[in-house]
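**Q** Next input, structure requested:
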Amino acid sequence: MSRPAQAIHSEMPDRTNARNAWEKDYAESVGVDRLVHNVSGIPIKPLYTERDWESYGQDDPLGYPGQADYTRGIYASMHRGRTWTQRQLIGLGTPKEYNRRLLTIIGQGATAVSLIPCNSVYRGYDMTSVDRELLGTCGVVINNVDHMAEGLHGVDIGEMSCSLNDPSPFTLLAFMLIVAERRGIDWRKISGTSNQSDYLSHFVANHMFYRLSLHGARRMLVDHIAYCRERVPRWNAMSVVGQHMQQAGATPAEVIAFTLSTAIQNAEDCIARGMDPDQFLPRFTFFFDISLSFFEEIAKFRAARRIWARIARERLGARDPRSWRFKFHGQTSGVDLTRQQPLNNIARVTIQAMAGIFGGLQSLHTDSYDEALSCPSEFGARIAVATQNILREEAHLTDVIDPLGGSFYVETLTDQMEEQIVSIMKTIEDAGGMFKAVEEGIVQRMIGASAQRQQRRIDSGEQLVVGVNAYQVEEDASARPSLERPDPEVMREHIERFGAWRDARSRADVEKALDGLSQAAESESENLFGAVVDAARAGLTNEEICSRLRRDLGFGAPLAIV
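**A** Numbering: from 1, shown residues only. Here you go, the predicted structure:
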């Protein structure tokens, strides 16, 4: 039989004596204590109490989910009412091969489409301009509207959300819109995200995605946002990407600061064009890496929600609460995955996914364990999808909203992360804003310094990595998963069909469509993305569109920092 709480309380020492006793016992146990810092450089104490979280003890200091300042989540029910969108980034070989795998993944529980194009597509080229051996090994080869139609065969794009890894000038979305047009689907029903619309992150840290000049990409993005707002209103035209910068070496605090600074830059560019923030901010989304620094990642997302809500209201003048919501997609970090002992990556991905879920994400991609070795195998992708299913259905991570809310450690760390993020954002603001800071290489230098610090920690053994600098074992390299390559005969046929189709077109019609792109590029009033859609409708290819705009707007040449 349990004793009354009052009796137990009377036997307990007072808080001050108890703390002093613990400090004494702790010091005797550890001797000389080690210094611990998280990746963002914040010192980590061995224990957190109400003294650390200054607001603890007030009447519900955190507020409620779905209410400003959104620390506990942007929706009232969060994952208990509606779980995150389960996306699995896939892309391999030809559109037909991609379609087969896509339908399989959907059948296994994925609830949205995510399309990864071949690296040749990212770089702005058609398959006929690239060595055949490279085609389709990292994504699907989609060069025109017909390819997109084949890749999305059997998928109701009027009902299922689609995420396209589609950098400026957004040829993939243009192709998909024409597919919808051919099927008689109202563009107003189409939902999804231009998942690589953030040209600044490409300029800084993902040069393969960077096709147009800095100023040309800036114009294209604003035109893209304006066009989608009017014609495809459920489409998220702005995906502000922090992932690339974190994978390049930015700390979690830095990546939130840089990403929010980018969002401010893009929002103010739209306002300067005459757009009302409440018309476009609800369609702003964010895309982040989720690293293995478990509590730091949770705190970064909780802090980011607070900061963005304040920016949207106070700086950008948004009045609609939907504009204040910090909606983000999370992808488990491939940087943390290792080639050594690759099955360990399943545990790493699970930890990363849990951090994103506890951090309050809206959609999630879990990496396959073999992504450190190759394009995800079908076997690896199944495990990655099952990981999300297990966390949702078996671990019951959706039962409670913000389950770590009120933790002395998490709340203190959230406050500390917010303070550091705001400080870094001031550095960017003092440099003239994100566009100027990127143009002058300030952001790149900060990321480079952070990457070097982290690598030194690994090289010195301060940061242990299982299988790399600790707990190493002899491995048979031949037993590791091998790169799954497209069938060379299937790829050859794909190239030949494309070449025959291209050669059969009217050259006059092609030139007319190209001239239309140039006319739009030279005009100050014509919407440039609208011209890309018209070019796709007229039958131009990915390379033809990108090459003409590179000629007219300038080639993408990121700044090299040494």
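
**Q** What is the helix with the most length in the chain packed up against?
**A** Of all segments of type helix in the chain, defined using DSSP state H, the longest is helix 408-430. Where contact means 3 or more C-beta pairs under 8 Å, 6 or more residues apart in numbering; DSSP states H and E, helix 408-430 is packed against helix 252-272, helix 294-310, helix 442-460. For the C-beta atoms, the positions are set from N, CA and C on the backbone; glycine is no exception.

**Q** What lies in contact with that helix?
**A** Helix 408-430 is contacted from outside by 38, 40-42, 48-50, 52-56, 62, 71, 252-254, 256-258, 260-261, 295-296, 298-300, 302-304, 306-307, 404-405, 434, 437, 442-443, 446, using C-beta atoms under 8 Å, 6 or more residues apart in numbering.

**Q** buried ones in it?
**A** Neighbour-count burial for helix 408-430, counted by 16 or more other C-beta atoms under 10 Å, picks out 408-418, 420-422, 424-425, 428.

**Q** got it, and stretch 175-187?
**A** The neighbour-count check on stretch 175-187 (16+ other C-beta under 10 Å) flags Phe175, Met176, Leu177, Ile178, Val179, Ala180, Ile185, Trp187 as buried.

**Q** distance of the fourth one from Gly539?
**A** Separation of Ile178 from Gly539 (C-beta to C-beta, to the nearest Å): 10 Å.

**Q** overlap in contacts of those two?
**A** In contact with both Ile178 and Gly539: Val145, using C-beta under 8 Å, 6+ apart.

**Q** that older thread, the longest helix of the chain vs helix 252-272, what angle?
**A** Angle, helix 408-430 to helix 252-272, by axes from the mean of the first three to the mean of the last three C-alpha atoms, to 10 degrees: 50 degrees.

**Q** angle of helix 408-430 against helix 294-310?
**A** Angle between the axes of helix 408-430 and helix 294-310 is 50 degrees (criterion: the same axes, to 10 degrees).

**Q** now helix 408-430: how far from the chain's centre is it?
**A** Taking C-alpha atoms, centre = their mean, to the nearest Å, one finds the center of helix 408-430 at 20 Å from the center of the full chain.

**Q** model confidence over it, on average?
**A** For helix 408-430, the mean pLDDT works out to 97.

**Q** So among the contacts of helix 408-430, which ones count as buried?
**A** Buried by 16+ other C-beta under 10 Å: 38, 40, 42, 48, 52-53, 56, 62, 71, 252-254, 256-258, 260-261, 295-296, 298-300, 302-304, 306-307, 404-405, 434, 437, 442-443, 446, out of the contacts of helix 408-430.

**Q** If we ignore the residues flanking it in sequence, what's nearest Lys53?
**A** Quick fix: residue 53 reads Trp, not Lys. Glu411 (4.4 Å; C-beta to C-beta, 6 or more residues apart in numbering).

**Q** Name the residue closest to the centre of the chain, please.
**A** Phe287 (2.6 Å; C-alpha atoms, centre = their mean).

**Q** Touching, it and Met238? I think so.
**A** No: between Phe287 and Met238 there is no contact under C-beta atoms under 8 Å: 10.4 Å.

**Q** okay, and the common contacts of the two?
**A** Asp198.

**Q** could you pull out the helices for the stretch 451-562 of the chain?
**A** Remark: helices assigned in the stretch 451-562 of the chain by DSSP state H, counting those that start in this stretch are 488-504, 507-522, 528-537, 542-553.

**Q** want to try a markdown table for those helices, with mean neighbour count, distance to Arg101 and mean pLDDT as columns?
**A** Supplementary listing: these in a markdown table, determined by neighbours: other C-beta atoms under 10 Å; distance: least, C-beta to C-beta, whole Å; pLDDT from 0 to 100:
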| stretch | mean neighbour count | distance to Arg101 | mean pLDDT |
| --- | --- | --- | --- |
| helix 488-504 | 14 | 14 | 95 |
| helix 507-522 | 15 | 32 | 97 |
| helix 528-537 | 23 | 24 | 98 |
| helix 542-553 | 22 | 21 | 98 |
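
**Q** For my notes, please list the ones you listed in a markdown table and give distance to Asp276 for each entry.
**A** Formatted as a markdown table, those follow (distance: least, C-beta to C-beta, whole Å):
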| stretch | distance to Asp276 |
| --- | --- |
| helix 488-504 | 42 |
| helix 507-522 | 24 |
| helix 528-537 | 19 |
| helix 542-553 | 27 |
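
**Q** any idea of the mean pLDDT in the longest strand seen in the chain?
**A** When the chain is parsed with DSSP state E, its longest strand is strand 284-290. The average pLDDT within strand 284-290 is 97.

**Q** partners of that strand, with directions?
**A** strand 238-241 (parallel), strand 328-332 (parallel) (DSSP bridges).

**Q** pLDDT weak spots in the chain?
**A** 1-13, 55-60, 88-91, 478-484, 562 (pLDDT under 70).

**Q** show me where it has strands.
**A** Under DSSP E, the chain gives strands at 85-86, 113-115, 162-164, 192-194, 235-236, 238-241, 284-290, 328-332, 363-365.

**Q** For those strands, could you give me CSV that also reports distance to Arg315?
**A** Formatted as CSV, these follow (distance: least, C-beta to C-beta, whole Å):
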stretch, distance to Arg315
strand 85-86, 29
strand 113-115, 32
strand 162-164, 28
strand 192-194, 24
strand 235-236, 21
strand 238-241, 15
strand 284-290, 14
strand 328-332, 19
strand 363-365, 26
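
**Q** okay, now Thr16: neighbour count?
**A** Residue neighbour count, defined by other C-beta atoms under 10 Å, stands at 8 for Thr16.

**Q** which ones are touching Leu260?
**A** Shown in contact with Leu260 (C-beta under 8 Å, 6+ apart): Ala304, Ile307, Trp308, Ile311, Ile421, Met425.

**Q** measure the first one to Phe258 for me?
**A** Going back to what we said before, that points to Ala304. For Ala304, the distance to Phe258 (C-beta to C-beta) stands at 11 Å.

**Q** Then the fourth one?
**A** According to C-beta to C-beta, Ile311 stands 14 Å off from Phe258.

**Q** Could you do the fifth one as well?
**A** Relative to Phe258, Ile421 is positioned 10 Å away (criterion: C-beta to C-beta).

**Q** close enough to count as contact, Asp126 and Thr541?
**A** Yes: using C-beta under 8 Å, Asp126 is in contact with Thr541, at 5.2 Å.

**Q** joint contacts of these two?
**A** Applying C-beta under 8 Å, 6+ apart, one finds that Asp126 and Thr541 are jointly contacted by Asn143.

**Q** Looking at these two now, which is surrounded by more residues?
**A** Legend: neighbour count by other C-beta under 10 Å for Asp126 and Thr541, higher for Thr541 (26 against 21).
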